[in-house]
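Chemist: For reference, the sequence and a predicted model appear below.
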Amino acid sequence: MTPSGERLQVGEFEIIRLLDGTFFVDGGAMFGVVPRTLWEKRAAPDRENRIALALNCYLVKGPGVTVLAETGVGPDVDRRHIDFYSFRREPGLFRLLEERGVRPEDVDLVFNSHLHFDHCGGNTLRTAGKEWTPAFPRARYVVQRGEWEQALHPVERDRPSYIPARLRTLEKSGALELLEGDGPVSPGIEAVLIPGHTAFHQGLKVSSGGRTFFYFGDTVPTSAHIDLPYIMSYDLFPVETFNSKKKLYALAVAGDWVVSFSHDLDHAFGTLVVAGRGAEFRPLAP
Ligand SMILES: [Zn+2]
């Protein structure tokens with residue numbers, strides 16, 4: 001089993017990858033227009049042509065602040081999603097937080113790259129009375145306004161990706177904070193709009209002590225997706241994903257950023273070097 005927590009120090013911030021679970025997705029869908037003869041060299045498919053993926057969450061602990069980027073699929077994952085994607089969640093995000101001494105009320109800020117069900121499933125929990133309630137009672141929940149509107153009013157194409165009933169809980173509780181484009185969310189921590197997977201998808205940037213950590217979200221779901229044309233079929237705006245990747249790689253290489261992915265099982269952290277028109281991934285030594 002891949003280790004469920006790897007850590008990185010970025011100046012005053014400690015960043016830990018926490019795995020909410022694993023799942024399987026068709027390799028063709030994961031790599032879009034790229035033929036299997038090419039992608040299978042980077043991600044070996046099983047007999048059903050599926051590749052194994054992680055539900056990565058990143059815990060960011062800084063001076064007086066605890067941030068959680070993504071909450072995985074959560075404990076209340078639908079039966080139909082379990083059957084379709086073979087989700088496995090033991091021990092899952094909440095147990096891993098507990099093992100590290102982080103209580104739900106310790107989390108100040110929950111950051112979601114976007115609101116597809118596999119990224120914000122742990123935002124809310126169901127109480128004994130079957131009501132939805134925020135899983136982190138003191139946290140601000142930070143998301144782009146455009147993504148929020150899309151999630152509550154999805155078009156037919158992306159309706160299966162959102163669960164609006166759970167999301168409305170955050171609005172009712174007053175915990176929701178809607179962003180409009182790039183901007184700081186806490187000292188040293190910034191949201192960066194990176195359109196492509198959805199129109200208002202965002203990445204997370206943490207800077208301290210001359211070092212930068214960047215979380216790509218679904219713009220680059222795994223290290224096998226580093227090449228510019230390796231874009232998921234799920235992306236609503238693939239041309240924008242391509243452009244977003246190109247722009248970010250230039251910044252990541254120039255600034256020697258440590259980068260991370262939403263669904264990479266094997267690599268929690270790495271860096272990028274220039275290769276051809278794009279970049280090449282170098283895992284960070286444990
Ligand atoms: Zn995803």
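Modeler: Perfect, thanks for sending it. What you see is a predicted model; the values in this text were computed from it and never measured.
Chemist: going forward, measure contacts and count neighbours with C-alpha atoms only.
Modeler: Fine.
Chemist: residue ranges of the helices in the protein, please?
Modeler: For the chain, the helices defined by DSSP state H cover 27-31, 36-39, 79-85, 93-99, 117-120, 145-152, 164-173, 238-254.
Chemist: Looking at these, spot the one closest to residue 139.
Modeler: With C-alpha to C-alpha as the criterion, residue 139 lies closest to helix 164-173 of these, at 10.2 Å.
Chemist: distance between the closest one and the chain's centre?
Modeler: Chain-centre distance of helix 164-173: 20 Å, with C-alpha atoms, centre = their mean, to the nearest Å.
Chemist: contacts for it?
Modeler: Residues outside helix 164-173 that contact it (C-alpha atoms under 8 Å, 6 or more residues apart in numbering) are 124, 132-134, 141, 151-152, 176.
Chemist: Distance to residue 85, pLDDT and neighbour count added to these, as a markdown table?
Modeler: Putting the contacts of helix 164-173 into a markdown table (distance: C-alpha to C-alpha, whole Å; pLDDT from 0 to 100; neighbours: other C-alpha atoms under 10 Å) gives the following:
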| residue | distance to residue 85 | pLDDT | neighbour count |
| --- | --- | --- | --- |
| 124 | 21 | 96 | 23 |
| 132 | 24 | 91 | 18 |
| 133 | 25 | 94 | 19 |
| 134 | 25 | 96 | 24 |
| 141 | 26 | 98 | 22 |
| 151 | 21 | 96 | 22 |
| 152 | 23 | 94 | 16 |
| 176 | 29 | 96 | 19 |
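Chemist: And those residues, which is closest to residue 96?
Modeler: Using C-alpha to C-alpha, the contacts of helix 164-173 come closest to residue 96 at residue 124, 16.8 Å.
Chemist: where does the stretch 151-286 of the chain dip in pLDDT?
Modeler: For the stretch 151-286 of the chain, the stretches flagged by pLDDT under 70 are 286.
Chemist: Can you show me the strands along it?
Modeler: Along the stretch 151-286 of the chain, the segments classed as strands by DSSP state E, counting those that start in this stretch run 176-179, 183-186, 189-193, 202-208, 211-215, 258-260, 270-275, 278-283.
Chemist: Show me the one of those that comes nearest residue 53.
Modeler: strand 258-260 (13.8 Å).
Chemist: for that closest one, packing partners?
Modeler: Secondary-structure packing of strand 258-260 (3 or more C-alpha pairs under 8 Å, 6 or more residues apart in numbering; DSSP states H and E): strand 211-215, strand 270-275.
Chemist: Pick the most buried one from those strands.
Modeler: Highest mean neighbour count among the helices and strands packed on strand 258-260 (mean count of other C-alpha atoms under 10 Å): strand 211-215, with a mean of 22.
Chemist: Identify the residues contacting it?
Modeler: Contacts for strand 211-215 (C-alpha under 8 Å, 6+ apart): 10-11, 203-207, 255-262.
Chemist: Including distance to residue 99, could the contacts of helix 164-173 go into CSV?
Modeler: Formatted as CSV, the contacts of helix 164-173 follow (distance: C-alpha to C-alpha, whole Å):
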residue, distance to residue 99
124, 20
132, 25
133, 23
134, 21
141, 23
151, 32
152, 34
176, 27
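Chemist: out of these, who's nearest residue 188?
Modeler: Closest approach to residue 188 among the contacts of helix 164-173 (C-alpha to C-alpha): residue 141, at 17.3 Å.
Chemist: wouldn't that closest one be in contact with residue 107 here?
Modeler: No: using C-alpha atoms under 8 Å, residue 141 makes no contact with residue 107, being 10.2 Å away.
Chemist: what do those two both touch?
Modeler: In contact with both residue 141 and residue 107: no residue, using C-alpha under 8 Å, 6+ apart.
Chemist: And the residue nearest to residue 281 when sequence neighbours are not counted, how far from residue 16?
Modeler: Spatial nearest neighbour of residue 281, excluding adjacent residues (C-alpha to C-alpha, 6 or more residues apart in numbering): residue 272 at 4.8 Å. According to C-alpha to C-alpha, to the nearest Å, residue 272 and residue 16 sit 20 Å apart.
Chemist: same check, this time on residue 110
Modeler: Separation of residue 110 from residue 16 (C-alpha to C-alpha): 15 Å.
Chemist: quick one: stretch 249-259 to chain centroid distance?
Modeler: The chain centre lies 18 Å from the centre of stretch 249-259; the measure is C-alpha atoms, centre = their mean.
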